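Colleague: need a 3D model of the following:
(one chain, ligands or ions: 2)
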Amino acid sequence: MLFIDKKISRRLFSGLLLVAVVPICIMDYGIYKIVQKVVLRSACTQIETVKMDHEHHLSIWFKELLNDIRIISQLPCIRELCGTHKLMGENDFAKTHLPDLAKEILIMTRAKSPSYKSMNIFSTSGEILASTDPHSDEILNFDHQALFDAALKTGEPVLGPAHQHSDQMWYMSLAAPIKTQEGEIIAYALAVLDASATLDPNMKDRFGLGKTGEAYVVSRNRQIITESRFLSRSETVDRVFSTEGIDMAIAGKRGTGIYTNYMGRKVIGSYTWLPQYNWAILVEMGEDEILSPMKTIRTALILTTAAVGVLSLLLALFMSRRVSLPIIRVAEASHEISEGHFEQRIPYSGTDEIAVLSRNFNSMAEKLANMITSLRHKEASLQKAYEELLEIQQQLIQSEKMAAVGELVTSVVHEMRNPLSSVKLNLQIIGRTLEKKDLLAEHYQIAIDQVSQLEKMFTDLLNYSKPFNLQKGLVSIDRLVDESLLQLQSLISCRATTISRKLGDNLPPLWADADKMRQVLVNVVKNAIEATGQEGSIEITGHVKNHNGKNLITIAVTDNGTGISSQDLKRIFQPFFTTKKKGTGLGLPIVKKIMEAHGYKISVSSEEAKGTVVRLKMQGAETHE
Ligand SMILES: Nc1ncnc2c1ncn2[C@@H]1O[C@H](COP(=O)(O)OP(=O)(O)OP(=O)(O)O)[C@@H](O)[C@H]1O
Ligand SMILES: [Mg+2]
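Modeller: Ligands and ions are numbered 1, 2, ... in the order given. Got it, this is the predicted structure:
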């Protein structure tokens, strides 16, 4: 029965999984994906914002720097310096105090910002008119002409591209045209910027970029200009980098995406090409760091799903106990009933559906048990009726046979009795003439005995085979016994047999054929006398008992004679079965026939060498009879 339990539990669990856990899993997965999307989107926005912030700062910063150089270019003393230089020529100009004054101004301006590497004034022909650092390499070896041309063209301060000098450091240059009052360009103010000092402070502000984020600037030839968060400056000096973000930015595009950065890490990056500076700015942050809150969410979702799963399992177990256990009980009880144990009942409590099912089952079992009991009774009574029918049928067949045999025997015996009577009569006449001691007298006596025995046999045969009509009347049992013993008087008197009788006072009379019943008793007592020998004792008892309103009388004839062997006991009612020399073996068959004709019964119990009891069971006469 356990498999039913298991099956139901499994089905319940699968059902609960289907309606609870699976939807939760799908929902969890959906939620996870949505949250992931939102997180990534907001990270993109944040990174984009940080990038724009940097862009904005740089723009302000460079505006300030350009403004510085513009102010220098417009300072009257600087203009004067340049004007004087143009008028006086190189040698005379050097004698003036103007270069020193200009130098002081330049030194003061440079001191304004750490970005400034040097401040310089160049003549239109490229001579250094004043410089904070006139002998420095970046001044001496750098070709500023392109920048001056751009300044000449626009007439405004311009910013040159970032470039590396022999010291491997990155520099940028700002140039502003110095004009006369009339607007003629007579010189250029040039500021050399230390790119690191200019850009790095801005890029180092990593607010909002966590532990893995950074902002950096890349030159057109894919070199990282600013300080890297992950690589030392010496590592970035000569390297050219190529990532999706860098490539897209160099291609002049602006955007945000997920790609692998120059460290091989998956990042969310935002990139922009800044044509005014001729470089690209990139802001990146590790995807794993961005998605790290997802780990917590994922753990929470897994725990929720697991909790729902465990709850489903517990619920399934509880439900299976609550639902399947009673079902199992019903299944077991029905199995027991199918095995024939109708007393099987299911214990129940409460008033729920299970209790109703159990109660109905019990009442069904009760009805079934009652039905089966009544069917069994009916079957038993049917069986009894069938057996009685069979017995009656047998009796009918027997009586039909007996009737046929009886007719034959009657006619044969009738035909034989007359000659036999004639033989007996003639023998008796002959006997009168014989002397008693004569030898013939002895033969005569044998012949007479044989004839008498033949006569008895014919009489018994007639009694047994002839159908008889019972002449019923009230028969007193006392009287019946008296008359029977009287009839046997001659037999009793020649023996020392003691016959005692214990008949109750209250024995009711029989409604029977008195002659036939006497014949019964005579035969039974005669057999007892013959079995006990010379000094036997015979007891005739009688008692009555009331059964279902009927008086059942039993007359028992008990002797202490030879007894009957168990083998013979089976045959004593068969016609012609006898163990006696002069017996016909028709005594007991006639007795049985008479008893059955009255509806009475006879039974014999016996033990060899101890004695025999013959019981005659009869019904007392009813008052209406
Ligand atoms: N009381 C008894 N004790 C011992 N044997 C008995 C007794 N009654 C009957 N029998 C046995 O049953 C046999 C059949 O008895 P049954 O009365 O039919 O015939 P029978 O007595 O032999 O002959 P018949 O009655 O013609 O004289 C007997 O021969 C005897 O063996
Ligand atoms: Mg007999």
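Colleague: name the helix or strand for whichever residue of the stretch 251-400 of the chain sits closest to ligand 1, please.
Modeller: For the stretch 251-400 of the chain and ligand 1, the shortest gap (Cβ to the nearest ligand atom) falls at Gln398, measuring 17.1 Å. Yep, even glycine has a C-beta here, placed from its N, CA and C like the rest. Counting by DSSP states H and E, the element that carries Gln398 is helix 353-433.
Colleague: report pLDDT for the residue of the stretch 251-400 of the chain found nearest ligand 2.
Modeller: Using Cβ to the ion, the point where the stretch 251-400 of the chain gets nearest to ligand 2 is Gln398, with a distance of 20.9 Å. We have a pLDDT of 76 for Gln398.
Colleague: with Gly89 instead?
Modeller: With respect to pLDDT, Gly89 scores 67.
Colleague: report how many residues lie close to the closest residue to ligand 1 within the stretch 351-500 of the chain.
Modeller: In the stretch 351-500 of the chain, the residue that lies nearest ligand 1 is Asp460 (5.9 Å; Cβ to the nearest ligand atom). Residues lying near Asp460 (other Cβ atoms under 10 Å) number 20.
Colleague: what about it, helix or strand, and which?
Modeller: According to DSSP H and E, Asp460 maps onto helix 439-465.
Colleague: counting contacts, what elements does whichever helix or strand comes after that helix pack onto?
Modeller: With elements assigned by DSSP H and E, the helix or strand that comes after helix 439-465 is strand 472-475. If you count contacts as 3 or more Cβ pairs under 8 Å, 6 or more residues apart in numbering; DSSP states H and E, strand 472-475 packs onto strand 510-513, helix 514-532.
Colleague: out of those, nearest to ligand 2?
Modeller: Evaluated over these, closeness to ligand 2 peaks at helix 514-532, with 4.4 Å, by Cβ to the ion.
Colleague: and for the closest residue to ligand 2 within the chain, nearest residue in space, chain neighbours not counted?
Modeller: Going by Cβ to the ion, ligand 2 is nearest to Gly587 of the chain, at 2.8 Å. Take Gly587 and drop its neighbours on the chain: the residue closest to it by Cβ to Cβ, 6 or more residues apart in numbering is Asn523, 4.4 Å away.
Colleague: so the one you found is in contact with Val591, correct?
Modeller: Yes. Asn523 is within contact range of Val591, at 5.0 Å (criterion: Cβ atoms under 8 Å).
Colleague: hey, what's the closest residue to Asn551 other than its chain neighbours bridged with?
Modeller: Counting by Cβ to Cβ, 6+ apart, Gly620 is the residue found nearest to Asn551 once chain neighbours are left out, at 3.2 Å. Gly620 forms beta bridges with Leu510, as assigned by DSSP bridges.
Colleague: roughly how far does Gly620 sit from Asn506?
Modeller: Going from Gly620 to Asn506 by Cβ to Cβ, to the nearest Å gives 10 Å.
Colleague: and those two? which has more neighbours close in?
Modeller: Legend: neighbour count by other Cβ under 10 Å for Gly620 and Asn506, higher for Gly620 (19 against 9).
Colleague: which parts of stretch 598-605 are buried?
Modeller: The neighbour-count check on stretch 598-605 (16 or more other Cβ atoms under 10 Å) flags His598, Tyr600, Ile602, Val604 as buried.
Colleague: same question, stretch 346-353
Modeller: Using 16+ other Cβ under 10 Å as the test for burial, stretch 346-353 gives Ile346, Tyr348.
Colleague: host element of the residue nearest to Leu101 when sequence neighbours are not counted?
Modeller: Excluding the flanking residues, the one nearest Leu101 by Cβ to Cβ, 6+ apart is Cys77, at 5.8 Å. Element membership of Cys77, judged by DSSP H and E, is helix 76-95.
Colleague: re the thing from before, now do the residue nearest to Leu101, the pLDDT please.
Modeller: Taking Cys77 on its own, its pLDDT is 83.
Colleague: likewise Glu435?
Modeller: 67.
Colleague: what touches both of Gly620 and Asn506?
Modeller: Here Gly620 and Asn506 have Val544 as joint contacts, going by Cβ atoms under 8 Å, 6 or more residues apart in numbering.
Colleague: what is the neighbour count of the residue of the chain closest to ligand 2?
Modeller: The number of residues packed near Gly587 is 23, by other Cβ under 10 Å.
Colleague: would you mind giving the domain segments of the chain?
Modeller: 2-45+291-336, 470-619 (automatic domain parsing).
Colleague: out of those, which one sits most buried?
Modeller: For the domains of the chain, the largest average neighbour count (mean count of other Cβ atoms under 10 Å) is found in domain 470-619, namely a mean of 17.
Colleague: quick one: average pLDDT of that one?
Modeller: Domain 470-619 carries an average pLDDT of 93.
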